[in-house]
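> Sequence plus predicted model, see below.
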Amino acid sequence: DAGITQSPRHKVTETGTPVTLRCHQTENHRYMYWYRQDPGHGLRLIHYSYGVKDTDKGEVSDGYSVSRSKTEDFLLTLESATSSQTSVYFCAISTGVAGNIQYFGAGTRLSVL
Amino acid sequence: RKEVEQDPGPFNVPEGATVAFNCTYSNSASQSFFWYRQDCRKEPKLLMSVYSSGNEDGRFTAQLNRASQYISLLIRDSKLSDSATYLCVVNSNSGYALNFGKGTSLLVTP
């Protein structure tokens, strides 16, 4: 299995509070991604990173920010969580070659009450 | 139109059956194609890449039709352990990101 660790694995928080999810990799892969998965929508890209301090927006980036200060860590922050951000969040990594195959972490289940 | 479209199913098949899933994609410039498998409450995992000439991995066969922008996955001799959701995946315009279909649910019954 790819060396990807997401933390926390489960979180319950209240509307309006800030939340930070962490993705840590031991593979030294250049690319890292944050997705959310909701019933009826499938996986949707929030943000991705193509190197340290290099990030870009995905399909559903509103309300989210990211940071990557080290190759191994990619943080996703919800500045002020809303109930619509209740979801399962997956981090993924890739080398960018071989068609850009992505490997996923185990996910974080976030509930915003 | 969605980038990647799949029949959500569910497909209920008996053990030993052959089942096929189809997927269409909208970006004719796409170069990379995959099938991922996702078990309930787990992360997606790569099942196989899909190559232009078609490819096989044990009981699984993937086909690509670029002219019709169509990808298929055939599972022969279905096992109970094949029960999962199968995601059709195509690279996006950005080149870095992948577009995921919503998945096709398969249930293999005894």
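Structure's in. What do you need?

> where in chain A is pLDDT low?
Where chain A drops to pLDDT under 70, the residues are A:1-2, A:98-99.

> Centroid-nearest residue for it?
What sits nearest the mean C-alpha location of chain A, by CA atoms, centre = their mean, is residue A:34, with 2.7 Å.

> Can you tell me the element it falls in?
Assigned by DSSP states H and E, residue A:34 belongs to strand A:31-38.

> Surely residue A:79 and residue A:65 touch.
Yes - with contacts counted by CB atoms under 8 Å, residue A:79 reaches residue A:65, the gap being 6.5 Å. C-betas here are computed from N, CA, C, even on glycine.

> Counting neighbours, go ahead and name the busier of these two.
A count of neighbours by other CB atoms under 10 Å in any protein chain shown puts residue A:65 above the other of residue A:79 and residue A:65, at 15 against 12.

> quick one: contacts for the spatially closest residue to the more buried one that is not a sequence neighbour?
In space, and not counting its chain neighbours, residue A:65 is closest to residue A:77: 4.9 Å by CB to CB, 6 or more residues apart in numbering or on different chains. By CB atoms under 8 Å, 6 or more residues apart in numbering or on different chains, the contact set of residue A:77 is A:18, A:19, A:20, A:21, A:64, A:65, A:66, A:67.

> After the least confident helix or strand in chain B by mean pLDDT, which helix or strand is next?
One helix or strand of chain B scores below all others by mean pLDDT, DSSP states H and E: strand B:98-100, with a mean of 91. Counting by DSSP H and E, the next helix or strand C-terminal to strand B:98-100 is strand B:104-109.

> wait, does that following strand contact chain A?
No - shown here: strand B:104-109 not in contact with chain A (CB under 8 Å from any CB of the partner chain), separated by at least 11.0 Å.

> ok now that strand, how far from the chain's centre?
Here strand B:104-109 is found 13 Å from its chain centre; the criterion is CA atoms, centre = their mean, to the nearest Å.

> helices or strands next to it in the packing?
Where contact means 3 or more CB pairs under 8 Å, 6 or more residues apart in numbering or on different chains; DSSP states H and E, strand B:104-109 is packed against strand B:11-14, strand B:19-25, strand B:84-91.

> and residue B:72, which of those strands is closest to it?
Distance to residue B:72, taken as CB to CB, is lowest for strand B:19-25 among the helices and strands packed on strand B:104-109, at 5.2 Å.

> give me the number of residues near the residue in chain B that chain A sits nearest to?
In chain B, the residue that lies nearest chain A is residue B:32 (3.3 Å; CB to the nearest CB). Number of residues near residue B:32 (other CB under 10 Å) recorded here: 16.

> pretty sure it is touching residue B:97, no?
No - between residue B:32 and residue B:97 there is no contact under CB under 8 Å: 10.9 Å.

> Can you pull the residues that touch both of the two?
residue B:91.

> neighbouring contacts of stretch A:86-96?
Counting by CB under 8 Å, 6+ apart, A:2, A:4, A:6, A:21, A:23, A:25, A:27, A:29-38, A:43, A:46, A:50, A:74, A:76, A:100-105, A:107-112, B:43-44, B:96 sit against stretch A:86-96.

> quick one on the thing from earlier: what helices and strands are in contact with the strand holding residue A:34?
Strand A:31-38 packs on strand A:19-25, strand A:42-51, strand A:64-70, strand A:73-78, strand A:87-94, going by 3+ CB pairs under 8 Å, 6+ apart.

> same thing but 6 Å
Applying 3 or more CB pairs under 6 Å, 6 or more residues apart in numbering or on different chains; DSSP states H and E, we find strand A:31-38 packed against strand A:42-51, strand A:87-94.
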